[in-house]
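Asks: Need coordinates for the below:
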Amino acid sequence: MSKPKLDIPISVLDLVPVVEGQSVEQSFRNTLELAQHAERWGYARYWLAEHHGMPGVASSATSVVIAYVAAGTRTIRVGSGGIMLPNHAPLMVAEQFGTLESMFPGRIDLGLGRAPGSDFATTRALRRGLSSSGDDFPELLAELRAYFQPPAESDSPRVRAVPGEGLNIPIWLLGSSGFSAQLAAYLGLPFAFASHFAPDYLMQALELYRTGFRPSDDCPEPRVMVGLNVIAADTDEEAAVLSTSLYQQFLNMIRGRPGRMKPPTHPDRLDWNDYEKSVVMGQLRYTIVGGPDTVRAKLAEFKKQTGADEFIISAAIYDHRARMRSYEIVADVVRGR
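Replies: Coordinates of the predicted model:
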């Protein structure tokens, strides 16, 4: 007997997790296999996130990984969730994504953020020779967008992005506060909120975006993508065990000891004190853990709460097969299976 459909597009957010006892090479193979299955299961997009200096994350060379995933799939959109623009010269980003769009026409998304995506020392190493602190994000964005404009019929010399100029690559602004929400609204761009790890300003940011939105040719109406963690399994009990890898990952980050993803344990055996637990659970407030019925109910509730146009789902699960199964369950739930 079929169950109600959720009637909302779903996408994948992948950090290319590196787990204990596994090589980075295998992590990339796992990413490609997941992308191929996500395409089959009807996911709209497959986004990779820029992070640096994290032993458990292998997506630092984000545009390279996007090319790898796009080459191994056929129809699913592939993009960045996101590129941290202050880390890069806008011309380089325009050329990289112009190259990607030329290789895989009509399939590339460019999601942009302004956070460093790393610690202070790594950020300094990345931005050597760049003066950006992130406060000039609107100016960097304007420069980047200008490189995608068609070439002007003028003899005056100008900097050109080749490939890049004249290409219509969808740009999304990513954020975890009101800043990017207001900027996306002002520019008429789609907006994605990182509620899967920064939930505090979700509803405020969505309100700012929707009330301040100015229609554009590329985005005539507000379009909101909301991030959340979903750890799905065939039973609530199995999902609860799988979720402990995610909790350990965030626990180690707040302790200042990021590392490779740890295997799951029994929820009662998580080694945290009350304060650490409250911090981790607060950061992961928008996390759904459970079997198909639990996931269905909580996704429907979250859709009603946010009015999201699309969900982008992260699943930090140690075992690759269990991670694949989690995304399959979510796809089945959304389709009413």
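Asks: Could you pull out the strands in this structure for me?
Replies: Counting by DSSP state E, the chain has strands at residues 10-14, 45-48, 77-84, 108-113, 171-175, 191-193, 224-232, 287-290, 310-314.
Asks: Can you get me a residue count around the nearest residue to Gln248 once chain neighbours are set aside?
Replies: In space, and not counting its chain neighbours, Gln248 is closest to Lys262: 4.7 Å by Cβ to Cβ, 6 or more residues apart in numbering. Every C-beta, even on glycine, is put in place using the N, C-alpha and C of the backbone. Lys262 has 18 neighbours, counted by other Cβ atoms under 10 Å.
Asks: which ones are touching Lys262?
Replies: Applying Cβ atoms under 8 Å, 6 or more residues apart in numbering to Lys262 gives the contacts 19-20, 245, 248-249, 252, 318.
Asks: of these, closest to Glu143?
Replies: Distance to Glu143, by Cβ to Cβ, is smallest for Gln249 among the contacts of Lys262, at 35.1 Å.
Asks: from what I can see that closest one touches Ala316, true?
Replies: Yes - using Cβ atoms under 8 Å, Gln249 is in contact with Ala316, at 5.8 Å.
Asks: Between these two, which contacts overlap?
Replies: If you check Gln249 and Ala316 against Cβ under 8 Å, 6+ apart, the residues they both contact are Met261.
Asks: what about the stretch 101-250 of the chain, any weak spots by pLDDT?
Replies: Applying pLDDT under 70 to the stretch 101-250 of the chain picks out residues 116-120, 122-123, 126-134, 154-157.
Asks: those helices in it, which residues are they?
Replies: 120-126, 137-147, 178-187, 202-212, 236-242, 244-254 (DSSP state H, counting those that start in this stretch).
Asks: what about the nearest residue to Ser326 once chain neighbours are set aside, how many residues close to it?
Replies: Nearest residue to Ser326, sequence neighbours excluded (Cβ to Cβ, 6+ apart): Ala232, at 4.3 Å. By other Cβ under 10 Å, 32 other residues sit near Ala232.
Asks: Please identify the buried residues of stretch 161-177?
Replies: 161, 163-165, 167, 169-177 (16 or more other Cβ atoms under 10 Å).
Asks: Distance-wise, check the nearest residue to Ala300 once chain neighbours are set aside relative to Gln36.
Replies: Leaving aside its sequence neighbours, Ala300 sits nearest to Leu6 (Cβ to Cβ, 6+ apart; 6.0 Å). Look at Leu6 and Gln36: by Cβ to Cβ, to the nearest Å, they are 23 Å apart.
Asks: was I right about Leu144 contacting Ala94?
Replies: Yes - if you go by Cβ under 8 Å, Leu144 and Ala94 touch, sitting 5.7 Å apart.
Asks: ok, back up a step: and the contacts of Lys262, which of them are buried?
Replies: 19, 245, 248-249, 252, 318.
Asks: how about these in a markdown table, adding distance to Val12?
Replies: A markdown table is the format used below for the buried ones among the contacts of Lys262 (distance: Cβ to Cβ, whole Å):
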| residue | distance to Val12 |
| --- | --- |
| Val19 | 17 |
| Ser245 | 17 |
| Gln248 | 22 |
| Gln249 | 18 |
| Asn252 | 24 |
| Tyr318 | 17 |
